[in-house]
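[1] no letters, just coordinates:
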């Protein structure tokens with residue numbers, strides 16, 4: 001008889017996978033402080049999380065430029081990460097996602113697992129009751145529990161302006177110097 005165990009070669013490498021952490025998905029137009037406060041409330045101090053901010057294409061500002069909101073998403077990811085860390089949360093990663101939020105979510109889950117998804121957006125995008133809303137589609141696609149939170153728009157995100165330059169820069173007030 002052939003001893004199969006004697007012929008097996010074991011690889012000494014050990015593949016470890018980081019534990020599943022909640023995936024926080026936040027629109028770049030919403031208030032980052034609201035996201036942080038809800039994460040603290042839902043997860044508790046010291047909890048680990050991962051952040052993805054889709055480079056969501058809103059309105060007509062983006063006609064002809066599918067990457068127009070990448071700087072806005074980057075700014076939001078950095079801000080949420082900083083606020084969460086300052087609040088005592090353990091941010092494992094923060095990334096900018098695809099302009100399509102569902103693609104951004106599946107890309108973020110491609111090589112890392114999550115235990116649930118916390119989805120933050122404004123308006124109809126987060127309706128858990130709508131069968132074609134982002135929350136329901138995300139649940140169906142990923143098989144994960146999705147908690148959807150409506151969040152107000154950030155005061156620095158341009159609201160209602162069309163074809164605006166510097167849309168995620170906010171309104172900058174110029175204050176004259178005292179010398180003239």
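    Arrived safely, thanks for sending. The structure presented is a predicted model; accordingly, all values stated were derived computationally and were not measured.
[2] who are the packing partners of the helix or strand hosting residue 149?
    Secondary structure assignment for residue 149, by DSSP states H and E: strand 146-150. Applying 3 or more CB pairs under 8 Å, 6 or more residues apart in numbering; DSSP states H and E, one finds that strand 146-150 contacts helix 32-43, strand 117-121, helix 134-142. From N, CA and C alone the C-beta is placed, and that goes for glycine too.
[3] okay, these in JSON lines with mean pLDDT and mean neighbour count next?
    Compiled in JSON lines, those are given as follows (pLDDT from 0 to 100; neighbours: other CB atoms under 10 Å):
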{"stretch": "helix 32-43", "mean pLDDT": "96", "mean neighbour count": "18"}
{"stretch": "strand 117-121", "mean pLDDT": "95", "mean neighbour count": "23"}
{"stretch": "helix 134-142", "mean pLDDT": "93", "mean neighbour count": "17"}
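[4] now the ones you listed as TSV including distance to residue 80?
    Shown next, in TSV, are these (distance: least, CB to CB, whole Å):
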stretch	distance to residue 80
helix 32-43	5
strand 117-121	9
helix 134-142	18
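[5] quick one: which of those is nearest residue 86?
    Set against residue 86 and scored by CB to CB, the helices and strands packed on strand 146-150 come closest in helix 32-43, at 8.2 Å.
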